[in-house]
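Novice: Sequence plus predicted model, see below.
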Amino acid sequence: MIFSSYYHTITVLYICFVWQIAMIILFGIFIRYDEESDAHWIEHRKHKNISSDIENDFYFRYPSFQDVHVMIFVGFGFLMTFLKRYSFGGVGFNFLIAAFGLQWALLMQGWFHSLDYTDGKIKIGIENLINADFCVAGCLIAYGAILGKVSPVQLMVLTLFGITLFAVEEFIILNLIHARDAGGSMVIHTFGAYYGLSISAMLYRPNLDQSSALHGSVYHSDVFAMIGTLYLWMFWPSFNSAITDHGDAQHRAAINTYLALAATVLTTMAISSLFQKHGKLDMVHIQNSTLAGGVAVGTAAEFMLMPYGSLIVGFCCGIISTLGYIYLTPFMEKYLKIQDTCGIHNLHGMPGVIGGIVGAITAAAASEAVYGQEGLINTFDFVGDFKDMVPSKQGGHQAAGICVAVCFGIGGGVIVGGILRLPIWGDPADDSCFDDEPYWELPEDEESIPPIVQYNNHMRNKDV
Amino acid sequence: MIFSSYYHTITVLYICFVWQIAMIILFGIFIRYDEESDAHWIEHRKHKNISSDIENDFYFRYPSFQDVHVMIFVGFGFLMTFLKRYSFGGVGFNFLIAAFGLQWALLMQGWFHSLDYTDGKIKIGIENLINADFCVAGCLIAYGAILGKVSPVQLMVLTLFGITLFAVEEFIILNLIHARDAGGSMVIHTFGAYYGLSISAMLYRPNLDQSSALHGSVYHSDVFAMIGTLYLWMFWPSFNSAITDHGDAQHRAAINTYLALAATVLTTMAISSLFQKHGKLDMVHIQNSTLAGGVAVGTAAEFMLMPYGSLIVGFCCGIISTLGYIYLTPFMEKYLKIQDTCGIHNLHGMPGVIGGIVGAITAAAASEAVYGQEGLINTFDFVGDFKDMVPSKQGGHQAAGICVAVCFGIGGGVIVGGILRLPIWGDPADDSCFDDEPYWELPEDEESIPPIVQYNNHMRNKDV
Amino acid sequence: MIFSSYYHTITVLYICFVWQIAMIILFGIFIRYDEESDAHWIEHRKHKNISSDIENDFYFRYPSFQDVHVMIFVGFGFLMTFLKRYSFGGVGFNFLIAAFGLQWALLMQGWFHSLDYTDGKIKIGIENLINADFCVAGCLIAYGAILGKVSPVQLMVLTLFGITLFAVEEFIILNLIHARDAGGSMVIHTFGAYYGLSISAMLYRPNLDQSSALHGSVYHSDVFAMIGTLYLWMFWPSFNSAITDHGDAQHRAAINTYLALAATVLTTMAISSLFQKHGKLDMVHIQNSTLAGGVAVGTAAEFMLMPYGSLIVGFCCGIISTLGYIYLTPFMEKYLKIQDTCGIHNLHGMPGVIGGIVGAITAAAASEAVYGQEGLINTFDFVGDFKDMVPSKQGGHQAAGICVAVCFGIGGGVIVGGILRLPIWGDPADDSCFDDEPYWELPEDEESIPPIVQYNNHMRNKDV
């Protein structure tokens, strides 16, 4: 056992160090500032006849970037603190793999999307940072399925492969298939959910009930998780609009997401109350299903979904997601041998697929009457190689995107899950799951403050 | 009792579902995107000779909107987690009624302010979302007075009527009376506080001391509440400037609010320390009274209040609000039979009225010397029907606004409180107040983790 | 002892009141709105031919301001809640001294930087608010060294002198020496850390182990502290770019900081895991050392540090900072008699000095090839009196800046520490350190809810 521990230490150390050094070398070779963040911008600006320093894309993407950043680190991180004794792991490993993944994402996405062929360099700006955060989100979703059951080394392996798969899948869906996916219903949520579920299936633990004493929340850990929920909920309009085209598309994406999320809260509460004994609300539903509308409106957020359309999407997803927690998660665990700690299938999987379908329908139904001639071209980017595209065909391409996302998720997850089954990663024993103890120095319990010390402090306090 | 529980379930379910379906229908009939969020914007933009996609109001309102959004959901929500066993209800019901209310607010405010008479549709954009959040804030303030003493169904009824009253009152104050109220000292805070207090008076519980064991905080619930306090405090400059005119008015509103709030912190701490035994600080004051300056500077924030004027307002409100917690709240409970759980009279009621008065005085004292000729017209919107208005008269109109807000709050609260007294709403018994137990599935207590399991986990952990 | 308590009360009261009144008077004499926040702006705008209200600096600084604001109040505040029984003091006194300090900072910095010599007034706008927050950050860093060991009155004295020293030091470094320091590695972090450490050395408590029972965290207080960590980590790109020149410099500063922080997380985790028994992670390191990269990239963030350069800085600082917690802090406490509660030497001191050195090297190595001719002038502000400056000389000036910051920090800290040793400030006894009890009304413990009441509530609940 001591061997295992040292082994684990050295593995973590080795991966972090080697990886970070590799990143430095690759960044040194490949990554440079883009023209808006390079000191030559002043010359470039004059050359392009841009009148003012404030017409830098920084000012029109950075607030959204920071909202997304908060979702990734505080939103996902605190949402995963709900377990009574795995809060350190929830927020801490989320922090680790997000910081780890975003560097690799800048490279992988850069090669696909931001490579300057004149000098072979990737030119990065604020939009790349947003995309790196998006890319990381896919892996954090996958983490939700296996929360508490894996080691940090396994998480880093999951992230390394996950980012790589994500970048390829994204390139296929957005560039080759030319599907639109502003908020990533397909690219981020569907892929991330099925990737995580497949890994969880590969790592199935028949004796997980040995950890059942720790497989739940306590009062204050549920309140911590609500911090995550609320930040995800509030900033989801920024998520879905962050990389949309400037102007009306960003504006519309924010409105649609805001409305879908509001409707989801209502139906989540209703279903939660109906299906619990005595009509009580369940915190698991409030923490998770209230977010399903944001996922499901991701693809169509920039389209003319119409305000009532957004409400309908949110309405349905609150119902489906909550019912998923009540019926589907136990079913999947019992019959499909998929243990899904956070219920990502209900929060990201089903809503992601629904989001793809809504996107396909909305795209197929688009018309010049609703969008205007230029608006249609603008919204669906019917330019260049795709200038002859029509909405009905676009709908088919959108549907193809869903399939690619699901396939990459399941296929990638099975392969990566197989790798993670190798007995070399220091994963916790069945009776140590959902427990910070194996990986974290834990403080003594609060009760260990001897009451007599407290009393003495009180009595001898010179200020009293 | 089982009947009551089922009844309650079905009521919640019924209201949420019927309401959400009604919203979908009404949104389908009435609500469309405004010209800046519609796909036709590109044509509209060229038509209006707007040179660039970044001259969309989205970029100049959205960061403030997100700050306000955080105040509504995290600020109000976490401020209400301070009770030891009502944290789920505090943050969860806040979430429910905010999501519920903002949809109705979009409709109500839309009919009054954003109706396009050419096609009978309400055209919404980012400013409508901010206003909907503002409208909801009034009801969340009212919730503070009755925190822990009502059922979620009662809260939804409170919100439904509250939003309706708010929209009418706002229309009267801002459009008919032509009072200015950038940060809503009158429209939001005064109305919300007196609405909530009147309801609380109508729902007076003589035997509330049966719940006294739960009517207080524990150490960590007080820290949770500080999250709410700080987010309200930090983003209040965004609240007061969010819908102000672009340019100097927004800039000035943020500065004034920042300064008033800073002064309030100092005097709150001073008064709290002076009036407690042994000079100790009371968390209730720090959590609440430090915010009073933001309320009180709401109306005048966009005026030339001057930096020292803001400090004076903050200085006074810290004193008044803290003294209110020490003397007035117990007095109101004992003699006026008004039980005010969060002390909203001290945080929103008195500071709101003060804010209205400060606004009236500042407006009456405005002069061309201080504002400039165009600045005066701009700031007070002396155009159209009101182009002959003068500052002294504007001061009178401001004062009239306070009266309208108070009357709507008290009148509306008495009526709605009467409705809420009907014995059909599933409200908690006197000995179950301030308790999440009636409405939430609660996790087992932390102590229920058997020490032997923890020990075993430790011993058998394969990583040790 | 009763005398002491009353004395303490009256001191706090006296300082808060007198100070706030003095602020009102000084603001009345000195502080006015600047041209962008004054109602005359509409005239000024037409005069300067500015086409639109949205070309107000408010829109291009305010989102960054709010991020910085969150760092100051939630970031620093919650980072200091980690102690098991000093969370109120951590977040509460942080709130007090920040609100106290920012008013004085507006005046002190205003006299040096924003004085309008035509009328003797300080003209403030959004940039002044950011700078005031920055100025306060120096004092909050210093607070970290003495957390739990001083009274609020001592903190106010520390802040009063700290702000004053900061303003002078900043003027010398930025204006006289003409060093660049966008993110304040020298001006804020180095100064703040050595100021705090010197004060802590002057206030050395040989018998501090009498409070050792409270000198540590509990599970949930560590989770609270992670809120602070994450907000500091996420918004650090805003901190380092908030007052940088508009355009590419702000854009670049954000990218560099984002990258440096990501690398720091990896090496912090690696070193923490390597040096703990059984390879476990230590929350102290995760909470603090992960931020060191943001400090160390502060000065050079606006330069052409290059993405890989940022990663290298972050890489090194994660290692140095974590090793500092493991070896240097115990060494300093044992041999140098410096008790550093939060380890600010590891988070701000060493990384700050490294940041200064990185800035000096980057500046000295600057060339027209990398920056472009105009870019070089722009980035280093080689205009006016400094139009003949060259990069190599600028490197020397940067190095001089580090020395000034260290000297002001140590010198100021020794003097202020001497003042704080006077036995008149009501500081806690050695056995009452790290305890909220002397200064806060504490709620009863959670355990004091009698189980029978909970049971009865449950049984008699009319909803069940």
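Specialist: Nice, I can see it.

Novice: host element of the residue in the stretch 301-450 of chain A that chain B sits nearest to?
Specialist: Minimum separation of the stretch 301-450 of chain A from chain B (Cβ to the nearest Cβ) falls at residue A:375, amounting to 3.3 Å. Where C-beta positions appear, they are placed from N, C-alpha and C, glycine not excepted. For residue A:375, the element it lies in under DSSP states H and E is helix A:373-380.

Novice: what's the answer for residue A:99, then?
Specialist: When the helices and strands are read off by DSSP H and E, the one containing residue A:99 is helix A:87-113.

Novice: if you average pLDDT over that helix, what comes out?
Specialist: When pLDDT is averaged over helix A:87-113, the result is 94.

Novice: wait, does it make contact with chain B?
Specialist: No. Contact between helix A:87-113 and chain B, assessed by Cβ under 8 Å from any Cβ of the partner chain, is absent, since the two come no nearer than 12.0 Å.

Novice: can you give me the strands for the stretch 101-250 of chain A?
Specialist: Counting by DSSP state E, counting those that start in this stretch, the stretch 101-250 of chain A has these strands, from start to end: A:115-116, A:121-124.

Novice: just to revisit the earlier point, show me which residues of the helix holding residue A:99 are buried.
Specialist: Under the neighbour-count criterion of 16 or more other Cβ atoms under 10 Å in any protein chain shown, helix A:87-113 has A:87-110, A:112-113 buried.

Novice: My guess is residue A:441 contacts residue C:282. True?
Specialist: Yes. Using Cβ atoms under 8 Å, residue A:441 and residue C:282 qualify as a contacting pair, with a distance of 4.8 Å.

Novice: quick one, which of these two is more surrounded?
Specialist: residue C:282 (20 against 17; other Cβ atoms under 10 Å in any protein chain shown).

Novice: Tell me who's in contact with the more buried one.
Specialist: When the contact criterion is Cβ atoms under 8 Å, 6 or more residues apart in numbering or on different chains, the partners of residue C:282 are A:440-441, C:272, C:276, C:325.

Novice: Kindly report the same for residue A:128.
Specialist: Residues in contact with residue A:128, defined by Cβ under 8 Å, 6+ apart, are A:34, A:106, A:109-110, A:114.

Novice: can you do 10 Å?
Specialist: A:31, A:34, A:37, A:102, A:105-106, A:109-110, A:113-114, A:122, C:255 (Cβ atoms under 10 Å, 6 or more residues apart in numbering or on different chains).

Novice: Return the distance of the helix holding residue A:375 from the chain's centre.
Specialist: When C-alpha coordinates are averaged (Cα atoms, centre = their mean, to the nearest Å), helix A:373-380 and its chain have centres 29 Å apart.

Novice: and the next helix or strand after it, what other elements does it pack with?
Specialist: Sequence order places helix A:391-420 as the next helix or strand after helix A:373-380, per DSSP H and E. On a contact count with 3 or more Cβ pairs under 10 Å, 6 or more residues apart in numbering or on different chains; DSSP states H and E, helix A:391-420 meets helix A:126-145, helix A:152-170, helix A:191-202, helix A:350-364, helix A:368-371, helix A:373-380.

Novice: most packed of the ones you listed?
Specialist: When you average the neighbours per residue for each of these (mean count of other Cβ atoms under 10 Å in any protein chain shown), helix A:191-202 leads with a mean of 28.

Novice: Now do it against helix A:391-420, angle only.
Specialist: Helix A:191-202 and helix A:391-420 meet at an angle of 30 degrees, taking axes from the mean of the first three to the mean of the last three Cα atoms, to 10 degrees as the criterion.

Novice: I'd like to know the average pLDDT value across helix A:191-202.
Specialist: For helix A:191-202, the mean per-residue pLDDT is 96.

Novice: what do you get for stretch A:337-345?
Specialist: Mean predicted lDDT for stretch A:337-345 stands at 93.

Novice: Tell me the buried residues in it?
Specialist: Using 16+ other Cβ under 10 Å as the test for burial, stretch A:337-345 gives A:338-345.

Novice: shaky segments in chain A?
Specialist: A:1-10, A:445-464 (pLDDT under 70).

Novice: switch the cut-off to 80
Specialist: Counting by pLDDT under 80, chain A contains low-confidence residues at A:1-15, A:276-279, A:424-426, A:444-464.

Novice: so who does residue A:147 touch?
Specialist: The contact partners of residue A:147, by Cβ under 10 Å, 6+ apart, come to A:79-80, A:82-83, A:86, A:89-90, A:93-94, A:155, A:196, A:200, A:340-342, A:344, A:433-434.

Novice: Grab the nearest non-local neighbour of it.
Specialist: Once its chain neighbours are removed from consideration, residue A:147 has its nearest residue in residue A:341; the separation is 4.0 Å (Cβ to Cβ, 6 or more residues apart in numbering or on different chains).

Novice: cool, residue A:219 as well?
Specialist: Once chain neighbours are set aside, the closest to residue A:219 by Cβ to Cβ, 6+ apart is residue B:443, at 6.1 Å.

Novice: Spell out the secondary structure type for that neighbour.
Specialist: Under the three-state scheme (DSSP: H, G, I helix; E, B strand; the rest coil), the conformation of residue B:443 reads as coil.
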